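*Asks:* The following comprises the amino acid sequence and a computationally predicted model.
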There are 2 protein chains.
Amino acid sequence: MIRFEVDHRSGNARVGRLVTPHGTVETPAFMPVGTAGVVKGLTPRNLQECGAQIVLANVYHLFLRPGIETLRALGGLHSFMGWPGPLLTDSGGFQVFSLSPLVEVTDDGVVFKSHLDGARHLLRPEGVVDLQVDMGVDIGMVLDECVAGNAPVESIRASVARTTAWAERSLACRGGRDTALFGIVQGAVDLAWREESVRQLLPLQFDGYAVGGLSVGEDPATTRTVARHTVALLPATVPRYLMGVGRPVDLLDFIAMGYDLFDCVLPTRNGRNGSLFTWTGRLAVRNAQHARDPRPVDERCTCYTCRHFSRGYLRHLAVSGDMLSGVLNTMHNVHFYLELMREARRALSGGELDALRASIADAYGEEGAGTHVD
Amino acid sequence: MIRFEVDHRSGNARVGRLVTPHGTVETPAFMPVGTAGVVKGLTPRNLQECGAQIVLANVYHLFLRPGIETLRALGGLHSFMGWPGPLLTDSGGFQVFSLSPLVEVTDDGVVFKSHLDGARHLLRPEGVVDLQVDMGVDIGMVLDECVAGNAPVESIRASVARTTAWAERSLACRGGRDTALFGIVQGAVDLAWREESVRQLLPLQFDGYAVGGLSVGEDPATTRTVARHTVALLPATVPRYLMGVGRPVDLLDFIAMGYDLFDCVLPTRNGRNGSLFTWTGRLAVRNAQHARDPRPVDERCTCYTCRHFSRGYLRHLAVSGDMLSGVLNTMHNVHFYLELMREARRALSGGELDALRASIADAYGEEGAGTHVD
């Protein structure tokens, strides 16, 4: 199914390769977010040119639209979206709890209302695994229960226990089928419950472990504390995935802690909003100061956008409301995130991650925050 | 500046080449509409892959936004929009009359209010020429006065006379500068006034002649009558451009009459709306019947969209409202229009235009209508 190989270590961080049925992913890796089977505005060719080696999609969204029967009829998710490389799907646990106007959780599964049309649906852990196997993704995530960061301890205990029970059922359901499965550590921002969640999940021997339920509104220092504490408990032999994170400087910090995989909507959402990432900080492309600026967004950048267009033209597209604006900005931002990961891998191999971190922190300060939903 | 060479004639139609400072355009040619310096949603690379050899932009729109100072600062229109090939700009005469909430025409020029912010502007024929020279376009159009198809004869007479006077001033202003200029024949739907407009313009010896003021609401039979009558009066040695037209079958009819150049918003606007042109007729991509259809939009088509995506996926993108929907649909439609012109050139060379016309008419019937504004 998948194979994870570590080539180099530097402190807790590592550089390696995740080998999947659809190709190899160099780690640490950033996964552009293609929630509904499309990274908004980008073609698979655009993604490849940006350097994407793996794309993330979302079971909750794809289950509601276009639905599994359509995905089956169209040859699975790879064929559907025209992406030939590795695919990871989030289970949609987070989306059920954040998007549905009504959620009922039982030990059996979760009943929710579609945010699209209000229809009631039941997702069980087994159903989520079957969906991912049917879609043909390389890596699936188990259904988990998310609780708010400020949830009472009894809720945290219950969600950890339920997430573990669902994890066991997910693995049993997967059986010998050819889809890797990652477990998801929960426990809100309570270090003891994070430890307990890990303790319950480790014996199940997932193909990788994710840390979920972070970067959902808690303060950034707390995110770091919980992420650092938790990653140290996870096995070094499998990929460790921090879900829904984050800003450029965050990624470097979490890489230093030992995480290997990341996803975040920031590059895509900010691209659509005209907020561009550069090696010298953010650039708000609609600002009037760019109107007659012939320079590319970033002199160092080699993306299609920076090789062909000026800040002045990109501002014109943004102000004109042309859809090409969102496309070109998204291309640039996704390229930036993927280049940041390439730089991080290079820096790690040369023992220079701290220097890279310092230069990014200098460019970005501590503004902004990661977020989940695209 | 430009050179027009006819390689083959078939009845009134001809196959040739328009050689410009930025490259050669095979004629008959369709010019994708890039009103504000962008063919909505498409990159220059997309356009080249679709087979575009020339792109149209619009002085009225570019004058208002981003403005000539910005275009100068960013190296002219080619550099601004990243399009290396030939560019033709419409003068904006039509847009002044159709978009401005208030228009005052005098012999000197036209005062109008920006449809963007209500600011008053004056455009004089000389100013329009200067703008086009400054933008560095290959072919500019003179400022003309458009009147409604049902205008009284005195209005038609006045607009023809003014268009001629402006045409003379435009040429005088251009002088020896390196931008080709096309005159525009007016005269509403009155054949006698079309004749008079041609009679007045021909001595000016423009680099090409356009027929304006058609496909603006009159019935299609009238469009054809006026277009056919007028083209026969224009010199055979220069390109003949029918502005703002049309549906696929229209293009073939007007090619048969002897027109060489066309522009129309149908492929781009319909692309954004999910109405796709195919060799077997229109396809409404949002229709539920396409949801699980693994076939491309058109089995014969070699565009990026048809080579990579199913009808089912394109429907999903359209229903999801992803901007990639508009991009992929526009790519397909523009490719279709340009392929139609390639087919027309091939058919003309082989004496088979009638057969091509019959097959397109069979696929499309007589539905739909061309229109100007993108």
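*Replies:* Right, received. Where do you want to start?

*Asks:* Not counting its neighbours along the chain, what's nearest A:Pro32?
*Replies:* Of all residues not flanking A:Pro32 in the chain, A:Val39 sits nearest, at 4.7 Å (Cβ to Cβ, 6 or more residues apart in numbering or on different chains). Using the backbone N, CA and C atoms, a C-beta is placed for each residue, glycine as well.

*Asks:* and the one you found, what helix or strand is that in?
*Replies:* If you go by DSSP states H and E, A:Val39 is not part of any helix or strand.

*Asks:* wouldn't it be in contact with A:Leu47 here?
*Replies:* Yes: using Cβ atoms under 8 Å, A:Val39 is in contact with A:Leu47, at 6.0 Å.

*Asks:* quick one: which of these two has more around it?
*Replies:* Shown here are A:Val39 and A:Leu47; by other Cβ atoms under 10 Å in any protein chain shown, A:Val39 has more neighbours (30 against 24).

*Asks:* Contact partners for that one?
*Replies:* A:32-33, A:47, A:52, A:55, A:268, A:330, A:334 (Cβ atoms under 8 Å, 6 or more residues apart in numbering or on different chains).

*Asks:* Need the residues touching each of A:Val39 and A:Leu47.
*Replies:* What both A:Val39 and A:Leu47 touch, as defined by Cβ under 8 Å, 6+ apart, is the set A:32, A:55, A:334.

*Asks:* Buried ones only from those residues, please, as a PyMOL command.
*Replies:* Here is the PyMOL selection string for the buried members of the shared contacts of A:Val39 and A:Leu47, based on 16 or more other Cβ atoms under 10 Å in any protein chain shown:
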select buried, chain A and resi 32+55+334
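
*Asks:* Can you show me the helices along the stretch 151-300 of chain A?
*Replies:* A:153-174, A:191-201, A:220-231, A:248-257, A:266-273 (DSSP state H, counting those that start in this stretch).

*Asks:* Over to the stretch 1-150 of chain A?
*Replies:* For the stretch 1-150 of chain A, the helices defined by DSSP H, counting those that start in this stretch occupy A:44-50, A:59-64, A:68-73, A:76-81, A:93-99, A:125-135.

*Asks:* Can you lay out those as JSON lines showing distance to A:Val211 and mean pLDDT?
*Replies:* As requested, those are arranged in JSON lines below (distance: least, Cβ to Cβ, whole Å; pLDDT from 0 to 100):
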{"stretch": "helix A:44-50", "distance to A:Val211": "25", "mean pLDDT": "98"}
{"stretch": "helix A:59-64", "distance to A:Val211": "19", "mean pLDDT": "96"}
{"stretch": "helix A:68-73", "distance to A:Val211": "28", "mean pLDDT": "98"}
{"stretch": "helix A:76-81", "distance to A:Val211": "24", "mean pLDDT": "98"}
{"stretch": "helix A:93-99", "distance to A:Val211": "12", "mean pLDDT": "85"}
{"stretch": "helix A:125-135", "distance to A:Val211": "19", "mean pLDDT": "98"}
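
*Asks:* Please identify the most buried of those.
*Replies:* For the helices of the stretch 1-150 of chain A, the largest average neighbour count (mean count of other Cβ atoms under 10 Å in any protein chain shown) is found in helix A:59-64, namely a mean of 24.
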